[in-house]
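Engineer: Predicted structure and sequence below. I'll ask about it afterward.
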Amino acid sequence: MKRQRSEHMVQSLFMITLLGLFFICAVGVIAMGASVYQKTSAESSTDYQVRTSLTYIAEKARQCDQGGGLAIGTLDDGTQALLLPASYGDTAYVTYIYAYEGTLRELFVKNDSPTQANAGSVIMNITDMELTEIENASDSDTSDLDSRTSDSDLADSENVLIQVSIVDEDQHMASVLLHSVSQKEAD
Amino acid sequence: MKKYQKQHSGLFLIELIVSILFFSLAAALCLQLFAKASLKSTQSTQLTHAVLIATSAAEAVENGCIDADALSEYFSEASVENGRMRVYYDDSWQMTSSDDGKYVLEVSFVDGLESPAEETTSDITDTDDSKENADFSKESTDFSKGNADFSEVNTDSNTENKVFSEEHASFYEDNVPFSKKDSSSGNNMSETMVTAKINVLQGDSSIYELSVSCQKGRAS
């Protein structure tokens, strides 16, 4: 009688252990799946934010840049913006691309019009954007380049690149350099 | 009664074991998929940053930096050795010293013009060897006419590569050799061109490659 009871207990214990193991594994797999999904989703969102915004700015700069006009400027309220001048007919226009209240915005106005940061159209959400002008310290070495090309066709562009940096939600910064097309290239 | 209890318990045990086996099989498949998803996600992030870095280098080349020394002025942590510029990046793709570097931007310059089609063909062979690298993309850009052709091809498919090669070959034919043919002016384009080979590496494996051909005369 005692032996039968003991056997029954072992069987029950074994089944409960097996069930417990099954439960732990099931929860583990679900937790791992959730973690991978969370990581993938976060990375995908960051990639989207960084890639789309930087690609948009770069393509916009290439599209609008006419003769070395790409510059860093400010709006009326002091917000830093990337300036893309353009002229249609006799009228000069400027496209401002800037970050305002967690969004990337674009404002297209006549050259002398007032520029309010909240007036721009929202392109997408970004955490922050920084614009830096990077000057080549070897500007003075252009004579060296002259000597390398016999019939020198040197352009008149200033040797300046604009670094556009986008800060993502995790405070990681990604940046791209943009060069302004010189007047000669534009012609 | 006892016999019935014993049978019932045995059946339940078998059912549980079968369930666990089925679950293990499903879990193994799921884990495989999770691992692949994670790898793809990492590769996607790497590719995103590699493209941005390579594009930045291409913009600098286009701005007139037609040698490694001039180009290194734009990258604070750059080192130049044997006419080749190297910049190291850490895990979060910030420039760093070589000790902490996980990724490397490598730019080398060759005089003359290199056919993008030839490069792509050789790359197909390379990528065939390694399936892991098959997802990485190759881009060939010709800035010689201020034409930023950022068409991209995924090296997963040889067919796509062939189409890309043909397209690029025709693009190359249409644009660059035009100047080569213009020998009457005595100005051979290939002699005034410099090609920058931009490569973003992780260890020894290439994440992203980009070739930029720039006319020396356009340098400022």
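Structural biologist: That came in fine, so what should we check first? Since the model is a prediction, treat every value here as computed from it, not as a measurement.
Engineer: quick one: low-confidence parts of chain A?
Structural biologist: A:1-3, A:66-68, A:136-159, A:181-187 (pLDDT under 70).
Engineer: Helices along that one, start to end?
Structural biologist: A:2-64, A:142-148, A:183-186 (DSSP state H).
Engineer: Tell me who's in contact with the residue nearest the centre of chain A.
Structural biologist: Centroid-nearest residue in chain A, with C-alpha atoms, centre = their mean: residue A:50, separated by 2.8 Å. Neighbouring residues of residue A:50 by C-beta atoms under 8 Å, 6 or more residues apart in numbering or on different chains: A:166, A:168, A:174, B:48, B:52. C-beta here means a position set from N, CA and C on the backbone, and glycine is covered the same way.
Engineer: quick one: residue B:109 and residue B:198 touch, right?
Structural biologist: No: counting by C-beta atoms under 8 Å, residue B:109 stays clear of residue B:198, with 10.2 Å between them.
Engineer: So for those two, which sits in the more crowded spot?
Structural biologist: Ranked by neighbour count (other C-beta atoms under 10 Å in any protein chain shown), residue B:109 and residue B:198 place residue B:198 first, with 26 against 20.
Engineer: Does residue A:175 touch residue A:162 like I think?
Structural biologist: No: using C-beta under 8 Å as the test, residue A:175 is too far from residue A:162 to be in contact (10.2 Å).
Engineer: who does the nearest residue to residue A:108 once chain neighbours are set aside bridge with?
Structural biologist: Excluding the flanking residues, the one nearest residue A:108 by C-beta to C-beta, 6 or more residues apart in numbering or on different chains is residue A:95, at 4.9 Å. Here residue A:95 sits in beta bridges with residue A:84, residue A:108, going by DSSP bridges.
Engineer: Count the residues that sit near residue A:95.
Structural biologist: For residue A:95, the number of neighbouring residues by other C-beta under 10 Å comes to 19.
Engineer: Check residue A:79 too.
Structural biologist: Applying other C-beta under 10 Å, we find 19 other residues in the vicinity of residue A:79.
Engineer: Chain B: strands as residue ranges?
Structural biologist: Using DSSP state E, the strands of chain B run over residues B:79-81, B:84-89, B:95-96, B:103-111, B:137-142, B:152-154, B:193-202, B:205-215.
Engineer: what mean pLDDT would you report for the fourth one?
Structural biologist: Think strand B:103-111. On average, the pLDDT along strand B:103-111 is 90.
Engineer: Is any residue of that strand near chain A?
Structural biologist: No: Strand B:103-111 lies out of reach of chain A by C-beta under 8 Å from any C-beta of the partner chain, never closer than 9.8 Å.
Engineer: Quick one: list the elements packing against that strand.
Structural biologist: helix B:2-62, helix B:68-72, strand B:84-89, strand B:193-202 (3 or more C-beta pairs under 8 Å, 6 or more residues apart in numbering or on different chains; DSSP states H and E).
Engineer: got the angle for that strand vs strand B:205-215?
Structural biologist: Counting by axes from the mean of the first three to the mean of the last three C-alpha atoms, to 10 degrees, strand B:103-111 lies at 30 degrees to strand B:205-215.
Engineer: For residue A:70, which non-adjacent residue is spatially closest?
Structural biologist: Among residues not flanking residue A:70 along the chain, residue A:180 sits closest, at 3.7 Å (C-beta to C-beta, 6+ apart).
Engineer: Name the nearest residue to residue A:14, sequence neighbours excluded.
Structural biologist: Closest residue in space to residue A:14, ignoring its immediate chain neighbours: residue B:13 at 7.6 Å, by C-beta to C-beta, 6+ apart.
Engineer: Now for the one you found, how many residues are close by?
Structural biologist: 14.
Engineer: Tell me who's in contact with it.
Structural biologist: Taking C-beta under 8 Å, 6+ apart, we find residue B:13 in contact with A:11, A:14-15, A:18.
Engineer: and if you look at residue A:167?
Structural biologist: Residue A:167 sits next to A:126-130, A:173 when contact means C-beta under 8 Å, 6+ apart.
Engineer: which parts of stretch A:46-61 are buried?
Structural biologist: For stretch A:46-61, burial by neighbour count (16 or more other C-beta atoms under 10 Å in any protein chain shown) applies to A:46-47, A:49-51, A:53-55, A:57-58, A:60-61.
Engineer: from these, which two are the most distant?
Structural biologist: Taking C-beta to C-beta as the measure, the buried residues of stretch A:46-61 span a maximum distance of 22.5 Å, between A:46 and A:61.
Engineer: and stretch A:107-114, how far apart are its ends?
Structural biologist: End-to-end span of stretch A:107-114 (C-alpha to C-alpha, to the nearest Å): 11 Å.
Engineer: which of the residues in it are buried?
Structural biologist: In terms of neighbour count (16+ other C-beta under 10 Å), stretch A:107-114 has its buried residues at A:107, A:109.
Engineer: got the contact list for that stretch?
Structural biologist: Applying C-beta under 8 Å, 6+ apart, the contact partners of stretch A:107-114 are A:75-76, A:81, A:85, A:91-96, A:98, A:115, A:117, A:119-121.
Engineer: got it, and stretch A:15-24?
Structural biologist: By C-beta under 8 Å, 6+ apart, the surrounding residues in contact with stretch A:15-24 are B:9, B:12-13, B:16-17, B:19-20, B:23.
Engineer: List the contacts of the closest residue in space to residue B:200 that isn't next to it in sequence.
Structural biologist: Distances taken as C-beta to C-beta, 6+ apart put residue B:50 closest to residue B:200, at 3.9 Å, once the chain neighbours are dropped. Contacts for residue B:50 (C-beta under 8 Å, 6+ apart) come out as B:103, B:200, B:207-208.
Engineer: Just list the residues touching the closest residue in space to residue A:169 that isn't next to it in sequence, thanks.
Structural biologist: In this structure, residue A:169 finds its nearest non-sequential neighbour in residue A:127, 5.8 Å apart by C-beta to C-beta, 6+ apart. By C-beta under 8 Å, 6+ apart, residue A:127 lies in contact with A:49, A:102, A:166-169, A:171.
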